[in-house]
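*Asks:* Quick one, structure for this:
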Amino acid sequence: MNPAEKQTDGFQLTALLEGFAESKALEAIKGLGVTDLCIASQQVTPGSLFMASRGQTRHGLDFMGEAIARGATAIVWESDSSRHPVAEVPLVKIDDLSEKLGDIAARFFADPSAAMTITSITGTNGKTSVAHFIAQALDRPDARCGLIGTLGAGLYGSMQPTANTTPNAVDLQRAMAEFHNAGAKNVVMEASSHGLEQGRVNGVKVDTAVFANLSRDHLDYHGDMESYAACKQKLFSFPGLKAAVINADDAVGNVLIDTLPAELRKVAFSLQGPVSGVETLSVRNIEKLAGGLRFKVEGPWGEGIIETALLGAFNAQNLLASLAVLLLADMPMSEAVTRLSSVMPVPGRMERFGGGDHPVVVVDYAHTPDAMEKALLALRTHTSGKLVCVFGCGGDRDWGKRPQMGEVVERHTDFAIITDDNPRNEDATAIVSQIRTGLQRPRKMPVIHDRLSAIEMALEVAGPGDCVLIAGKGHEEYQIIEDKRIAFSDRQVIRDWLKGVQL
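*Replies:* Reported below is the predicted structural model:
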């Protein structure tokens, strides 16, 4: 973009939409400027361009009246053969607008991601941890690191909550511009399957893409595992991508290693040893310490030791992925392993409380069968007594994984309680019934729908040397019942309980 096109009275609409809209439509808006871009009509302010794209259930045109009432200068709308809008402000039709929103927004905000180094992580589990570990290691007072993901968006250490793991295309570019204006040199972002499928990441100049893993999740949206995998793989076809960091212990990861273009630099990471023909970071001798892990890393960059307070072999994988990104950024191995050895746990991700005279309590976001199994296996190796679990399954989400969740928990715990986990608009008893179909001994796993009571019961049956996993919600500070978000935090419940027993 020519900076002159963005003037004090707004961005010239013809310059903004050139190459996206037909030349006849551009002639009709010549000389018109816009001061902001908005996808949500309630966010429109005078001078804004309202971008009416086609959504999952509604078209943005349904909210055109509100946008105009709030002062929209013009409306760009996604072509739809069933619609013929008429309005008192200019209307510009653009085919496949949903796919082009990111590129239009990038032009409006002066392509901010191109001025920074962007790392994007996709996968079923581990995205948030990897993103936070990389951001912690890269962030410096003189070279800040932006972070976007499940826990929010902002410069590292100053996160603000966001509605989605990957924000909409306009808000994502807006965040990139804010990071750049604040002096950020790096941005680390999670790329969810929904975000990739809906084109929210389009327009971001991704330098390094990371594939963490793939297991069952979101099939209520994607339909089947093949579609889910294909969606994740979109990140690795972004124009200008310089490097791919890939989990070689994952079947889809191996497909990526074999099928990505030869000219794209590929770095594999593995707990099972080097991968033939590919630069690989591998681990030797994972030691499970009382308070974490210690392991040796080997690869083309040399060797190093990581000793961490994080739990679980999957966190060794997360640290390997993070290490690959740091090494690709030309950080020396010795410095990279030192920084990763001191990373702080991510809120609600295998976050540990208690211990000593009380049970160890771990709060984790595990809400898929694979994540649940890995969390329980990790905690079993660090537990001398009973392993207890409190869990449920989210409503209005992939119901097919519910029996699998029950089966995994029953197999790996000494005692477990099924409870509610964001039932949303589903009947909570029906969700529980589907979980119980995966159990061999359903009568031995009690159901307590009230999550607070379920957690309290688990803590009552556990003692010193035992471990209680509170799974599913992690960092969340709400319980979604019907369309209401009711304040509730697993982490705060544990803090309050510990204060009470320590009085």
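*Asks:* Point out where the stretch 201-350 of the chain drops to low pLDDT.
*Replies:* 216, 218-223, 225 (pLDDT under 70).
*Asks:* Then the chain?
*Replies:* Low-confidence segments of the chain (pLDDT under 70): 1-9, 216, 218-223, 225, 502-503.
*Asks:* longest helix of it?
*Replies:* Counting residues, the longest helix in the chain under DSSP state H turns out to be helix 313-328.
*Asks:* Can I get that one in PDB, CA atoms only?
*Replies:* Output in PDB follows, covering the C-alpha atoms of helix 313-328 (Å, rounded to 0.1, in the frame of the first residue of the first chain):
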ATOM      1  CA  ALA A 313       6.200 -36.100  27.900                       C
ATOM      2  CA  PHE A 314       3.800 -34.000  25.800                       C
ATOM      3  CA  ASN A 315       5.400 -31.000  27.300                       C
ATOM      4  CA  ALA A 316       8.800 -32.300  26.100                       C
ATOM      5  CA  GLN A 317       7.200 -32.200  22.600                       C
ATOM      6  CA  ASN A 318       5.900 -28.700  23.200                       C
ATOM      7  CA  LEU A 319       9.300 -27.500  24.300                       C
ATOM      8  CA  LEU A 320      11.000 -29.200  21.300                       C
ATOM      9  CA  ALA A 321       8.600 -27.400  18.900                       C
ATOM     10  CA  SER A 322       9.400 -24.100  20.700                       C
ATOM     11  CA  LEU A 323      13.100 -24.800  20.600                       C
ATOM     12  CA  ALA A 324      12.900 -25.300  16.800                       C
ATOM     13  CA  VAL A 325      11.400 -21.900  16.400                       C
ATOM     14  CA  LEU A 326      14.000 -20.200  18.500                       C
ATOM     15  CA  LEU A 327      16.800 -22.000  16.600                       C
ATOM     16  CA  LEU A 328      15.300 -20.900  13.300                       C
END
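*Asks:* quick check: domain ranges of this structure?
*Replies:* For the chain, the structural domains run 3-94, 112-341, 351-502, going by automatic domain parsing.
*Asks:* roughly how far is the longest helix of the chain from the heart of the chain?
*Replies:* On the basis of Cα atoms, centre = their mean, to the nearest Å, helix 313-328 sits 17 Å off its chain's mean C-alpha point.
*Asks:* quick one: contacts for the nearest residue to Arg83 once chain neighbours are set aside?
*Replies:* Nearest residue to Arg83, sequence neighbours excluded (Cβ to Cβ, 6 or more residues apart in numbering): Leu61, at 5.8 Å. To be clear about C-beta, it is placed using only N, CA and C from the backbone, and glycine gets the same treatment. Leu61 makes contact with Ala52, Trp77, Asp80, Arg83, Pro85, according to Cβ atoms under 8 Å, 6 or more residues apart in numbering.
*Asks:* Thr14 - how many residues pack around it?
*Replies:* 20 (other Cβ atoms under 10 Å).
*Asks:* Backbone dihedrals for it, both of them.
*Replies:* Per-residue torsions, Thr14: phi -60, psi -40 (degrees, to the nearest 10).
*Asks:* part of a helix, is Val283?
*Replies:* No. Applying DSSP: H, G, I helix; E, B strand; the rest coil, one finds Val283 to be strand, outside a helix.
*Asks:* Report the separation between it and Gly299.
*Replies:* 10 Å (Cβ to Cβ, to the nearest Å).
*Asks:* Also Arg339?
*Replies:* Counting by Cβ to Cβ - Arg339 and Gly299 are separated by 16 Å.
*Asks:* want to throw the domains of the chain into a markdown table with distance to Asp103?
*Replies:* Converted to a markdown table, the domains of the chain look like this (distance: least, Cβ to Cβ, whole Å):
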| stretch | distance to Asp103 |
| --- | --- |
| domain 3-94 | 8 |
| domain 112-341 | 4 |
| domain 351-502 | 31 |
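*Asks:* With respect to Ile104, which of these lies nearest?
*Replies:* Ile104 lies closest to domain 3-94 among those, at 6.1 Å (Cβ to Cβ).
*Asks:* Contacts only, for the nearest residue to Lys473 once chain neighbours are set aside.
*Replies:* In space, and not counting its chain neighbours, Lys473 is closest to Asp490: 5.2 Å by Cβ to Cβ, 6+ apart. Contacts for Asp490 (Cβ under 8 Å, 6+ apart) come out as Gly348, Val363, Arg451, Ile455, Ile470, Lys473, Gly474, Glu476.
*Asks:* If we use 10 Å, what do you get?
*Replies:* 348, 351, 353, 361, 363-365, 390, 421, 451-452, 455, 470-477, 479 (Cβ atoms under 10 Å, 6 or more residues apart in numbering).
*Asks:* Please indicate which of those residues are buried?
*Replies:* 348, 351, 353, 361, 363-365, 390, 421, 451, 455, 470-476, 479 (16 or more other Cβ atoms under 10 Å).
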